[in-house]
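Enquirer: fold the following and give me the result.
(chains A and B)
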Amino acid sequence: MNGGNGIAIDVKGLTKSFGGREVVHDLSMQVKRGSIYGFLGPNGSGKTTTIRILCGLLTPDSGEGTCLGYDIRRDAEKIKRQVGYMTQRFSLYQDLSVRENLEFVARLYGLPDARGAARDMIKRLGLSGREEQLAGELSGGWKQRLALGACTLPNPQLLLLDEPTAGVDPKARRDFWNEIHALAAEGLTVLVSTHYMDEAERCHEIAYIAYGYLLAHGTVEEVIAKSALTTYTVTGEDLNELGAALTGKPGIDMVAPFGTSLHVSGRDVPALEASIAPWRERSGLHWQKSSPSLEDVFIELMGRSKDNFQ
Amino acid sequence: MSAVDHPAPRRDIRERFGFLRRSYAMLVKEFIQLRRDRVSFAMIVMLPVMQLMLFGYAINTTPHHLPSAVLLQEESDLARSVLKALENTKYFRFLYEVHDVDDFDNLLKSGKVLFGVEIPRGFERAVRRGDRPALLVAADATDPVAASAALGSLGMVVQTALAHDLYIGERPEMPFEIRAHARYNPAANSSLNIVPGLVGTILTMTMLIFTALSVTREVERGTMESLLSMPIKPVEVMFGKIIPYVLVGFVQAFLIIGIGVGLFGVPVLGNLVLLALLSTLFITTNLSIGYTISTLVQNQLQAMQMSMMFFLPSILLSGFMFPFAGMPAWAQYLGECLPLTHYLRIVRAIMLKGATMENLRFDTLALAGLMLVAMTIAVTRFRRTLD
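Expert: Residues are numbered from 1 along each chain as shown, chains lettered A, B, ... in the order given. Got it, this is the predicted structure:
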């Protein structure tokens, strides 16, 4: 790959406010070329704003950095040529057909054979036979595939995907992720924001952002290890009652029901052990010490950041 | 460190045509969208037909201080007195004094004056001899409302005025004959005036609304976000959005003029090519203004409201509804800032008087100027980011 240092996105100290409210606070991150970088965090945490800054749609109040080697402040136009941005809301033309939408993009980017490029993409997306259907009439899953196709059509080096699979069924979601992995294997860098844990686990690296602050980043294993969270999984009867009793006890940072089990987590292991001790031997309850899931880590991070920043 | 790995020369060649290419991409997209939008499509056809049928007659007012010229073929006290008397009627204001028939005709043809008074050679002598010579008053009757009131009152008013002024005393009879000549529209047929006017009014309305909605629609549908993330420049977006509607405007103009000629018997005396060219200029000016509106407002509702705020003065102050010359000075200045004012002069002059480019230079330049101002505002106002 070109670009020398193997880093696709390298930004430092990004800050952005809207109407006096700081949406992104002193955010620094690095994304390696050819990797899939997951962007996680609660709604309104600044994920979309960060992505928009990266593709030049917003100018940061302060901070600097490069995207594909171009300065994010000065070279927004050059970045736009190399970046495919898939918006959270479907933003292709609903009253244009699949083929017309793709041809429009191909022409805008100056692909030598717009019709041919659109035809190939339709084939690749598996949309053959639907090319004359209006984009607005496609189902949610197909819309997302088309949107992905439109932003990969000009052969970008970086894809920015903002919650691409929100509201899409599991099968379509899996297909979508297979496609993303295939693209990454071809050397494309992908930054993708999501709420789904299974999707986060399919990323090479992840970052957790809440209320404008980047709270954790690294591989999934690193993030889990860094959380220093110990989790007990409890199965048995009257878990609701148990959950209510444990919540807020010393050493217990989080109690979360997971189907027929209850996750009890905390960072201070001795305090945690002490608090659950009275319940450990109760009949009908089965306790098992386990490593926390990514979701445990995120819910705990979210709870903590809420206390700190709101 | 370069992130561009394409061979450089090839990219350069493609870049040179980048402007056209991207504008073209936008244009094709707009065309397809317009074709799919049945309601807008119906509006293009229905609006002109409805308007034409509804506008039976225009509102009548009594104009005054009509811009006039005098063709003076003799210098005499009597000639001066007659002119003074005419001016005292308050109907006329003499802006030009010419001695050549061609100059006189050109003034009328270009619309610089609505009236011309011709004082023939040997006028004074003929009056003294009691020959009752003719005093020719030529009126531009393309706007019959403006012309008829002045013409109708001419005889009486001049006679009373002269009775005071001249030595002819109490003679019951006019010492000379006033021969009024309504040029261009002798029958004072108001549809002759209305049809060319409607061309301008309908074009203003439809062109304005189409482009006023164009940018806000993209913002509201969320498509602007991805459009902005693509490498297209504000000027390219603008041209891509304007050009399809130039053709739409053309179709409308043809429709109205076609109905006008076929149904109302309006003549087209001037050059059709010139009419088409200047109409294109007018259409583009309106599209630019509409497009400017769409870069200034937040949503489609505001865009509609702002279009109406522009449209109403256009109808009232351009000389479409009321004779331009009858308006107070401030209103006339406002009117000069509206493209419709200039286009009405152009389209009436070409259709009804057979005017040529020579006669219309000022109005053409005014239209082009307004267009450039609007385009400049639009391009600078177009937001490249979502900030």
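Enquirer: the closest residue to chain B within the stretch 201-310 of chain A - how many residues pack around it?
Expert: Chain B sits closest to A:Gly212 of the stretch 201-310 of chain A, with a gap of 16.9 Å, by Cβ to the nearest Cβ. C-beta here means a position set from N, CA and C on the backbone, and glycine is covered the same way. The number of residues packed near A:Gly212 is 24, by other Cβ atoms under 10 Å in any protein chain shown.
Enquirer: any idea which helix or strand comes after the strand or helix carrying B:Met46?
Expert: B:Met46 belongs to helix B:38-54 when elements are defined using DSSP states H and E. Sequence-wise, the next helix or strand downstream of helix B:38-54 (DSSP H and E) is strand B:66-72.
Enquirer: which strands or helices does that next one pack on?
Expert: Using 3 or more Cβ pairs under 8 Å, 6 or more residues apart in numbering or on different chains; DSSP states H and E, the elements in contact with strand B:66-72 are helix B:77-88, strand B:92-98, helix B:101-110, strand B:115-119.
Enquirer: which of those is buried the deepest?
Expert: The highest average neighbour count among the helices and strands packed on strand B:66-72, using mean count of other Cβ atoms under 10 Å in any protein chain shown, belongs to strand B:115-119 at a mean of 24.
Enquirer: how far off centre is that strand?
Expert: Strand B:115-119 sits 25 Å away from the centroid of its parent chain (Cα atoms, centre = their mean, to the nearest Å).
Enquirer: for it, what is the average pLDDT?
Expert: Average pLDDT, strand B:115-119: 84.
Enquirer: before we move on, what about stretch B:42-62?
Expert: Averaging pLDDT along stretch B:42-62 gives 61.
Enquirer: hey, least reliable of the helices and strands packed on strand B:66-72 by pLDDT?
Expert: Mean pLDDT, when computed for each of those, is lowest for helix B:77-88, at a mean of 79.
Enquirer: that one vs strand B:92-98, what angle?
Expert: 140 degrees (axes from the mean of the first three to the mean of the last three Cα atoms, to 10 degrees).
Enquirer: wasn't A:Ile51 part of a helix?
Expert: Yes. Counting by DSSP: H, G, I helix; E, B strand; the rest coil, A:Ile51 is found in a helix.
Enquirer: contacting residues for it?
Expert: A:Ile51 is in contact with A:39, A:85, A:160, A:162, A:191, A:193, counting by Cβ atoms under 8 Å, 6 or more residues apart in numbering or on different chains.
Enquirer: and chain B, which of those residues reach it?
Expert: Residues of those in contact with chain B (Cβ under 8 Å from any Cβ of the partner chain): A:Tyr85.
Enquirer: what lies in contact with the host helix or strand of B:Gln302?
Expert: Using DSSP H and E, B:Gln302 falls within helix B:300-317. For helix B:300-317, contacts defined as Cβ under 8 Å, 6+ apart pick out B:201, B:204-205, B:208-209, B:212-213, B:216-217, B:220, B:289-290, B:293-294, B:296-297, B:320-322, B:327, B:331-332, B:334-335, B:338-341.
Enquirer: count residues in the vicinity of A:Val269, would you?
Expert: 13.
Enquirer: verify the stated contact: B:Ile32 with A:Arg99.
Expert: No. The criterion here is Cβ atoms under 8 Å, and B:Ile32 misses it with A:Arg99 at 10.4 Å.
Enquirer: perfect, that will be all.
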